[in-house]
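A.B. asks: Sequence first, then the predicted structure:
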Amino acid sequence: MSTAANSIAARLVAADLITTSESTTSTTYTDLATTGPTVTATCSAGVIVAIYCNQSSTANAAWMSYELSGASSDVANDNRAVQLTSTAGQHVGAVIYHGVGSILVAGVTTFQAKYRISTSGTATFSSRRMLVIPL
């Protein structure tokens, strides 16, 4: 990416992985015992966020989303989540683009995964991954 004529600004891809299997009974987005994954990136024109995990639930939908904090801030929500309704563990992932001007502003932003279950029950998450590609 260029910052001016004959000038280049590096954009670093950042990723985080948590392999621990952990559960929640929360129907609102929350942290698991091991918080994250969490990635901090410097964004200017936009960002691509990829999330992935193995999910299962006792009877209801399990959701993984992420919140933004720092230069940009927004709570975790279903519009940028992966959701699975299965009592057996299944792998699920998504790639989400945010352009500057939506919820994203230029600057250093931290992306942190959050988790929930749709109604009563227990959701379990493992192999939780996040990748952030600043544009």
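C.D. replies: Everything's here; your move. Numbering: from 1, shown residues only.

A.B. asks: Could you use CA atoms for every contact and neighbour count after this?
C.D. replies: Fine.

A.B. asks: mean confidence for the host helix or strand of residue 129?
C.D. replies: In this assignment (DSSP states H and E), residue 129 forms part of strand 123-134. On average, the pLDDT along strand 123-134 is 95.

A.B. asks: just how off-centre is it within its chain?
C.D. replies: Distance, stretch centre to chain centre, for strand 123-134: 6 Å (Cα atoms, centre = their mean, to the nearest Å).

A.B. asks: partner strands of that strand, parallel or antiparallel?
C.D. replies: With DSSP bridges as the test, strand 123-134 is paired with strand 14-18 (antiparallel), strand 22-24 (antiparallel), strand 46-57 (antiparallel).

A.B. asks: Make TSV from those strands and add distance to residue 37 to it.
C.D. replies: TSV is the format used below for the strands paired with strand 123-134 (distance: least, Cα to Cα, whole Å):
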stretch	distance to residue 37
strand 14-18	5
strand 22-24	13
strand 46-57	9
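
A.B. asks: Hmm, residue 68 and residue 75 touching each other?
C.D. replies: Yes. In this structure residue 75 lies within contact range of residue 68 using Cα atoms under 8 Å: 6.5 Å.

A.B. asks: Run a quick neighbour tally on the nearest residue to residue 15 once chain neighbours are set aside.
C.D. replies: Nearest residue to residue 15, sequence neighbours excluded (Cα to Cα, 6 or more residues apart in numbering): residue 131, at 4.3 Å. Using other Cα atoms under 10 Å, residue 131 has 21 neighbouring residues.
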